[in-house]
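Asker: Output the structure for:
(chains A and B)
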Amino acid sequence: MAQPILELAGICKRFPGVKALDNVSLSVGHGEVVALIGENGAGKSTLMKVLGGVHQPDAGEVRIDGKAVVIGSVAAAGALGIGFVHQELNVLDNLDVAANMFLGREPLWGGPLRLVDRRRMEADSSQYLRRLGLNVAPNTPLSRLSLAQQQVVEIAKALSQNARILILDEPTSSLTASETDRLLATVKDLRSQGVSVIYISHRLGEIGQISDRVVALRDGRNAGELSREQISHDNMVRLMVGRELSNLFVPPAGCAHPKRLEVRDLRTTAYPNRAVSFDAAGGEILGFAGLVGSGRSELAQTIFGADRLLGGQILLDGKPLSIQSPRDAIRAGIYLAPEDRRRTGLLVDMTVRENITLPGLWHYARMAMLSRSRECAEAKTQVQSLRIKTPSIGARAGNLSGGNQQKVVLGKWLARGPKVLIVDEPTRGIDVGAKAEIYRLLRALADRGVAVIAISSDLEEVLGISDRVAVMHEGRLAGVLCRDECSEKAIMDMAFGRVSGRNEAVVLASSE
Amino acid sequence: MRKELGIGALLIVLCGVLAALNPQFLELQNLQNLSLLIGLFGIFSIGMGVIIITGGIDLSVGSVFALQGVLLSIMLREWHWPWLIASLASIGSVMVLGLAHAFFITKVRLQPFIVTLCGLLIYRGMARSISHDETKGFGTESWGPLRWLAKGYVGPLPVAFILLLVIAAIMWVVLHRSVYGRYLYAVGRNEEAARYSGINTDRIIGSVYVLSMLLAGISGILFALWVNSISPSNHGSFYELYGIAAAVLGGCSLRGGEGSIIGILLGTALLQVLQNLVNLLGIPSSYNFAVMGGVILLGVTVDQLLGNRRRRRKTVPAEGGTPTPGGMEVVPVGANASSG
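Answerer: Okay, the predicted model is just below:
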């Protein structure tokens, strides 16, 4: 093999408490499309951020054309010919196409006046747009372009900076099928023009279509490589999964309970055309697995009333509910510990006590006046029973560690006596010790008859804590697996849409 | 409490300096006059403070005073309404304006700044057109207790000052001891998280614009009878800024969620003492606003510099599902939309 254009060797990157990358290597040849795959959190993005100059590696070497380089900043990455198209596009939609492409390096005229040379800018940008087959005028406002077209503008921008290595991070996650095809064609064109591409995606189908080679990461390490002939759905899934389960988890008590929450044909704003139906019984933990963006959080927020419900029915203990806002859900006894603790789960600037009592404030009041002593009593009860480590109940919630913040969120709902508790990524940002405590707590709640719904992108976690696992794929329920059917392989197959033919009826049958 | 102590100390120092420079400051008449002004300005400043605690603002207060003054004069002198009916009607109509603000802010989702800025312009225009731009007055009648409320004394204390203390006491309980008060702070700190805790955030936010107009309405009657003649084009102009300045000096953050009744009272007092200082030290009154602006700027700058040290916090970037390092958390923009 000829000398690769890019080599990453022995890259290590540590964040406090987590080893994000551990001796990772990757090489990319001239005009080669390399797909980078792995579960959420496997280290793909961190690796690409090292390459893009966002993070500095703790150890290891980056070589371009065989020469070791230091990528100290995003600008340095650009100068080395590395173009990065992020999943969340970095475009300014109040400007036009040419202005976006040349942002910060506009051609100038007029000497000290530093006026923008619009004519040259437009001529240059239209040249790159033509090369990528995007048929829009350079002075079109970006807001008039579709998401797919905006993505092409980003690629054009990278090329105009003489990018020879293009990183595409989940480029198709918000594109339609035909837009995806067009993007894949663009990538193939780029390859034939000698541009190297690192392609990150969860969509194994498109990886199979365009990749010359697949590199898999798992838990921050190289998990293996597949050459062109070896690329297949099964091989890719096998590389991504396959870990031993540790005994962090508490087994279920295992007695059957009646259905608590029934969701019928629920449609969310994220996927307006997909209806989801499932049941959760009291006493069980129902795990929700799936890829990031598969609609799990939106489903949870819709059940909780935080997002608008487009259609469908929610029944609690057999009675239909009308949930217009979180208030309605809370009144019914359905609680959500949201994914984004600091934005929606907690009031970080208020005290532990104030957070715990907030949802049920009227219970601590007489004639609308708060009773400090009743509030303190409840807060102390929760702090003790959840073993929340806090200097006092008057401490600012935002000052606690992640695990203890999550316990405060749980405490505020436990103080109200939940019927259904939805936890979204319950252990994100939490260290292992606190994780085990959270798992024990969720299990204890289930044993008390609460229906616990646990959304998690951590497969090990979902498998470990759930009695049943519902798997979502692109806004629909791909299936519900009982505990004895559960395996990482089975969940990943479903999450990647392998079993996409199953319809809701089948799902319902299997969930009962 | 830290901010209140700070501003309280500043107030005491300022009074001390002023008393040392000009003994007139401590004369009974000056102190009475000063406390009367604190009373008049304090009542609506509390309302402004409450709005600011929820993260909003009300720029319309000054124009509301002009409109209300014109209406009150017409009701009393041209329509010969009894004083009680006239004052209730004028407060009521002002509260309707607050309700309109609440509607545009919570239902149409316009920004409070814009809504009340439009209010500022509209109500001033209404005051001038209703009065045909003529000065409206209240003559020499006492209008029941209204004149006494605005200018009278109980012992050495101005009635308006006593009224402020009573209203402040009530509002202190509401803000610092009631369920409603806790909701105000929660909504001001983080509206989304408050909604996720089951608070009807729209109703809470809307209610403060009405509550604030109730207090402005009471203030408005006192102002009207205190000055006794309402010049529609400038009565009350800039008063909203006095309210905002008092609240901000007193520790309310324009980002919402912070502030206290004590602080707002101290802020009001500080502003009036500053005015008094300009008068007593013989500084030309044209410097009035400049002195006030300078002091406020100094105050909030010092506060910010002290606050920066505490607020500094690190974030560590991480991939979508990566466990973020112990205790630190990353709050990616649009995290909810992109994951799950």
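Asker: secondary structure element for residue A:452?
Answerer: In this structure, residue A:452 sits in strand A:451-455 according to DSSP states H and E.
Asker: Show me what that strand is packed up against.
Answerer: Judged by 3 or more C-beta pairs under 8 Å, 6 or more residues apart in numbering or on different chains; DSSP states H and E, the packing partners of strand A:451-455 are strand A:259-268, strand A:276-281, strand A:285-290, helix A:296-303, strand A:420-424, helix A:432-447, helix A:459-465. Quick note: C-beta positions are derived from backbone N, CA and C, even for glycine.
Asker: For the fifth one, which outside residues touch it?
Answerer: When contacts are taken as C-beta atoms under 8 Å, 6 or more residues apart in numbering or on different chains, the neighbours of strand A:420-424 outside the stretch itself are A:260-261, A:280, A:296-297, A:300, A:303-304, A:316, A:333-339, A:410, A:413, A:442, A:445, A:450-455, B:340.
Asker: from the stretch 51-200 of chain B, which residue is nearest to chain A?
Answerer: In the stretch 51-200 of chain B, the residue found nearest to chain A is residue B:198; the distance is 3.8 Å by C-beta to the nearest C-beta.
Asker: residue contacts, the closest residue to that residue other than its chain neighbours?
Answerer: In this structure, residue B:198 finds its nearest non-sequential neighbour in residue A:330, 3.8 Å apart by C-beta to C-beta, 6 or more residues apart in numbering or on different chains. By C-beta under 8 Å, 6+ apart, residue A:330 lies in contact with A:359, A:416, B:197, B:198.
Asker: Identify all contacting residues around the strand holding residue A:452.
Answerer: Against strand A:451-455 from outside (C-beta under 8 Å, 6+ apart): A:260-261, A:280-288, A:296-297, A:300, A:339, A:419-426, A:442, A:445-446, A:461-462, A:465-466, B:340.
Asker: Recalculate using a threshold of 7 Å.
Answerer: When contacts are defined by C-beta atoms under 7 Å, 6 or more residues apart in numbering or on different chains, strand A:451-455 is touched by residues A:260-261, A:280-282, A:284-288, A:296-297, A:300, A:419-426, A:442, A:445-446, A:465-466, B:340.
Asker: which intervals of the stretch 1-150 of chain A have sub-threshold pLDDT?
Answerer: Counting by pLDDT under 70, the stretch 1-150 of chain A contains low-confidence residues at A:1, A:17.
Asker: what ranges do the helices span in it?
Answerer: Per DSSP state H, counting those that start in this stretch, the stretch 1-150 of chain A has helices spanning A:44-51, A:74-79, A:97-101, A:118-131, A:147-160. These are given in chain order.
Asker: what distance separates the first one from the centre of its chain?
Answerer: The one in question is helix A:44-51. Taking the mean of its C-alpha atoms, helix A:44-51 sits 16 Å from the chain's own mean (C-alpha atoms, centre = their mean, to the nearest Å).
Asker: Identify each buried residue in that helix, please.
Answerer: Neighbour counts using 16 or more other C-beta atoms under 10 Å in any protein chain shown place A:44, A:45, A:46, A:47, A:48, A:49, A:50, A:51 of helix A:44-51 among the buried residues.
Asker: elements contacting it?
Answerer: Based on contacts counted as 3 or more C-beta pairs under 7 Å, 6 or more residues apart in numbering or on different chains; DSSP states H and E, the elements that helix A:44-51 packs against are strand A:6-15, strand A:18-28, strand A:165-169.
Asker: and the first one, does that touch chain B?
Answerer: Yes: on the criterion C-beta under 7 Å from any C-beta of the partner chain, strand A:6-15 is in touch with chain B at residue A:15.
Asker: That strand pairs with which strands?
Answerer: With DSSP bridges as the test, strand A:6-15 is paired with strand A:18-28 (antiparallel), strand A:59-64 (antiparallel).
Asker: so of those strands, which one's packed in deepest?
Answerer: Each of the strands paired with strand A:6-15 was scored by mean neighbour count; the highest is strand A:18-28, a mean of 21, by mean count of other C-beta atoms under 10 Å in any protein chain shown.
Asker: what's the angle from that strand to strand A:165-169?
Answerer: With axes from the mean of the first three to the mean of the last three C-alpha atoms, to 10 degrees as the criterion, the two stretches strand A:18-28 and strand A:165-169 enclose an angle of 130 degrees.
Asker: and strand A:18-28, how far out from the chain's middle?
Answerer: For strand A:18-28, the distance from its own C-alpha centre to the chain's C-alpha centre is 20 Å (C-alpha atoms, centre = their mean).
Asker: Likewise for stretch A:101-117?
Answerer: 39 Å.
Asker: buried stuff in that stretch?
Answerer: Residues of stretch A:101-117 classed as buried by neighbour count (16+ other C-beta under 10 Å): A:101, A:102, A:106.
Asker: Identify the residues contacting the last one.
Answerer: Applying C-beta under 7 Å, 6+ apart, one finds that residue A:106 lies in contact with A:116, A:121.
Asker: pLDDT below threshold where in the chain?
Answerer: Let's take chain A. Under the criterion of pLDDT under 70, the regions of chain A flagged as low confidence span A:1, A:17, A:242-256, A:432, A:498-512.
Asker: Correction: the question concerned chain B.
Answerer: Flagging of chain B using pLDDT under 70 yields the residue ranges B:1, B:308-340.
Asker: residue boundaries of the strands in it?
Answerer: With DSSP state E as the criterion, chain B has strands at B:136-137, B:153-154, B:157-158, B:229-230.
Asker: Take those strands and lay them out in TSV including distance to residue A:378 and mean neighbour count.
Answerer: Rendered in TSV, the data for the strands of chain B read as follows (distance: least, C-beta to C-beta, whole Å; neighbours: other C-beta atoms under 10 Å in any protein chain shown):
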stretch	distance to residue A:378	mean neighbour count
strand B:136-137	56	20
strand B:153-154	44	12
strand B:157-158	43	20
strand B:229-230	53	20
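Asker: Export those strands as TSV, with columns for distance to chain A.
Answerer: Listed next are the strands of chain B as TSV, based on distance: least, C-beta to the nearest C-beta, whole Å:
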stretch	distance to chain A
strand B:136-137	40
strand B:153-154	29
strand B:157-158	29
strand B:229-230	38
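Asker: thinking again about what came up before, tell me which of the buried residues of helix A:44-51 is nearest to chain B?
Answerer: For these, the closest approach to chain B (C-beta to the nearest C-beta) belongs to residue A:45, at 3.8 Å.
Asker: distance of residue A:328 from chain B?
Answerer: Distance, residue A:328 to chain B, using C-beta to the nearest C-beta, to the nearest Å: 9 Å.
Asker: hang on, residue B:257 packs against residue A:349?
Answerer: Yes: contact criterion C-beta atoms under 7 Å: residue B:257 and residue A:349 qualify, at 6.2 Å.
Asker: joint contacts of the two?
Answerer: If you check residue B:257 and residue A:349 against C-beta under 7 Å, 6+ apart, the residues they both contact are residue B:189.
Asker: Give the residue from those two that has the larger number of neighbours.
Answerer: The residue with more neighbours, out of residue B:257 and residue A:349, is residue B:257; 22 against 19, by other C-beta atoms under 10 Å in any protein chain shown.
Asker: Next, the contact list for that one, please.
Answerer: Under the criterion of C-beta under 7 Å, 6+ apart, the contact list for residue B:257 reads A:349, B:53, B:55, B:185, B:188, B:189.
Asker: now residue B:57
Answerer: By C-beta under 7 Å, 6+ apart, the contact list for residue B:57 reads B:51, B:112, B:113, B:116, B:244.
Asker: neighbours of residue B:169, just the number please.
Answerer: For residue B:169, the neighbour count with other C-beta under 10 Å is 11.
Asker: Which residues are in contact with it?
Answerer: Shown in contact with residue B:169 (C-beta under 7 Å, 6+ apart): no residues.
Asker: Ok, residue A:22 next?
Answerer: Each residue near residue A:22 by C-beta under 7 Å, 6+ apart is listed here: A:12, A:220, A:221.
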